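A.B. asks: need a 3D model of the sequence below.
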Amino acid sequence: MIKDFVKSRLRSQEIRRRQIPAFAATGGTGDGAVYYLAPDNDSPSGGVRVIYRHVDLLNSLGIPAKVVHAADGFRCSWFPNTTPVVAAGRVSLGARDVLVVPEWYGPGLGGLPEGPRIVIFNQRAYDTYDLIPYEETGPGAPYAGIPGLAALLAVSDDNVDLLRYAFPGVPVHLTRNVIDPSVFHLGGPERPRRISFVGHRRSAEREQLLHILRSRGVLDGWDVVAIAGKTELETAEIMRNTAIFLSFSEREGFGLPPAEAMACGAYVVGYPGLAGREFFVPGLCSPVADQDLLAFARAVEQACIRYDKEPQTLIELGAAASARVLARYDTENLRTDLRTFYSTLL
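C.D. replies: Prediction:
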């Protein structure tokens, strides 16, 4: 009973966190601007980084845009930016404006302001129904009945397909992610014996995997590094000095960490997380079927053996993967996606 009470209380707290902040006013025609709502979270978050990038690119296209936070004066500081930011309480929304809302606010969508056109920026389609009880909602939840809903945006082919299937009456568009080549790029010609991974993903499976590898002696002589609490630049520096990156992606919207590791030239082994299948090209990396711990361990061991026998081959494969992801996920492709989408709304 105590556990149920704690779970219920935590759930209620999480729902409160995901409520839409109050805007200054609604009504009127508006200025034809685009406002991207984002949570007040100053910890590294790929999704929030993408929101800031969208706003920067829209402004470069001559489309006025701002990131909207709840707190006055809040700005993400874990990556360098001069992105226009404004507090919700200082924004007046009109019919010509567009309010872009992350899928994270799903439980609070009933509090959306009336007046602007609404776009749901769903960067994690597999989380769409988090905190949306089936028994308490109707068909099309959580997006059915949203006044002014114009479209959904997604960041991978996989998520576009899922959202189109789940919401057949709502237009769904792709806006590709960007791997910034000024941050995530190849390093020197050699790679230290380092294995790295993002520390907050699938911790139980990660522990099991590392136990297995250690018991077989696979990790002997390797530096094993968890990437956690690092800035974007610090993360890239670790990845550039990594020989093998372990991907623990799970039901992703895209899966930025393994893509960024590839851009830095690391040889990636592990789970594509469904959406990552579009860039996990066998031969340039070692994709593993989801939850197949034994296959994961074997693939890591094989990569370590290969590195010891022919390190240059693994480095060359990493460089080829880098060229591929940087070519597909570049700024100009996203700029084209944004121009195409917003030209139909503004």
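A.B. asks: sheet-wise, list the partners of the lowest-mean-pLDDT helix or strand in the chain with their directions.
C.D. replies: Least confident element among the helices and strands of the chain, by mean pLDDT, DSSP states H and E: strand 25-26 (a mean of 78). Partner strands and pairing direction for strand 25-26 (DSSP bridges) are strand 92-93 (parallel).
A.B. asks: state the number of residues packed around the nearest residue in space to Ala88 that is not next to it in sequence.
C.D. replies: Distances taken as Cβ to Cβ, 6 or more residues apart in numbering put Pro21 closest to Ala88, at 4.0 Å, once the chain neighbours are dropped. In this view, the C-beta of every residue, glycine as well, is placed from N, C-alpha and C. Here the number of neighbours of Pro21 (other Cβ atoms under 10 Å) works out to 19.
A.B. asks: quick one, phi psi at Pro21?
C.D. replies: Dihedral angles of Pro21 (phi, psi; degrees, to the nearest 10) stand at phi -70, psi 160.
A.B. asks: my read: it touches Arg90, true?
C.D. replies: No: using Cβ atoms under 8 Å, Pro21 makes no contact with Arg90, being 10.9 Å away.
A.B. asks: next one, pLDDT for the residue nearest to Ala88 please.
C.D. replies: For Pro21, the pLDDT comes out at 97.
A.B. asks: please list all residues in contact with it.
C.D. replies: Pro21 makes contact with Leu37, Val68, Ala70, Ala88, Gly89 under the criterion Cβ atoms under 8 Å, 6 or more residues apart in numbering.
A.B. asks: and for Cys304, the neighbour number?
C.D. replies: Using other Cβ under 10 Å, Cys304 has 22 other residues around it.
A.B. asks: quick one, strands of the stretch 1-150 of the chain?
C.D. replies: Applying DSSP state E, counting those that start in this stretch to the stretch 1-150 of the chain gives strands spanning 25-26, 34-37, 65-69, 85-87, 92-93, 98-102, 117-121, 149-154.
A.B. asks: buried stuff in the second one?
C.D. replies: Put plainly, it is strand 34-37. Within strand 34-37, the residues that count as buried by 16 or more other Cβ atoms under 10 Å are Val34, Tyr35, Tyr36, Leu37.
A.B. asks: show the buried residues in the contacts of Pro21.
C.D. replies: Neighbour-count burial (16+ other Cβ under 10 Å) applied to the contacts of Pro21 gives Leu37, Val68, Ala70, Ala88.
A.B. asks: and those, which is closest to Ala327?
C.D. replies: For the buried ones among the contacts of Pro21, the closest approach to Ala327 (Cβ to Cβ) belongs to Leu37, at 31.3 Å.
A.B. asks: any chance of the strands of the stretch 1-150 of the chain in CSV, plus distance to Glu207?
C.D. replies: Output for the strands of the stretch 1-150 of the chain, formatted as CSV (distance: least, Cβ to Cβ, whole Å):
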stretch, distance to Glu207
strand 25-26, 49
strand 34-37, 36
strand 65-69, 35
strand 85-87, 38
strand 92-93, 47
strand 98-102, 30
strand 117-121, 33
strand 149-154, 32
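A.B. asks: out of the ones you listed, which gets the lowest mean score?
C.D. replies: strand 25-26 (a mean of 78).
A.B. asks: roughly how far is that one from the heart of the chain?
C.D. replies: How far strand 25-26 lies from its chain's middle: 30 Å, per Cα atoms, centre = their mean, to the nearest Å.
A.B. asks: so which of the contacts of Pro21 comes closest to Val218?
C.D. replies: Among these, and counting by Cβ to Cβ, the member closest to Val218 is Leu37, at 45.0 Å.
A.B. asks: residues contacting the closest one?
C.D. replies: Shown in contact with Leu37 (Cβ under 8 Å, 6+ apart): Ile20, Pro21, Val68, Ala88, Leu99, Val100, Val101, Pro102, Tyr105.
A.B. asks: please report how far it lies from Tyr105.
C.D. replies: 7 Å (Cβ to Cβ, to the nearest Å).
A.B. asks: for the stretch 201-346 of the chain, just list every one of the helices.
C.D. replies: Under the criterion DSSP state H, counting those that start in this stretch, the stretch 201-346 of the chain carries helices at the ranges 203-215, 232-240, 256-263, 293-309, 311-328, 331-342.
A.B. asks: right, I'll call it a day here.
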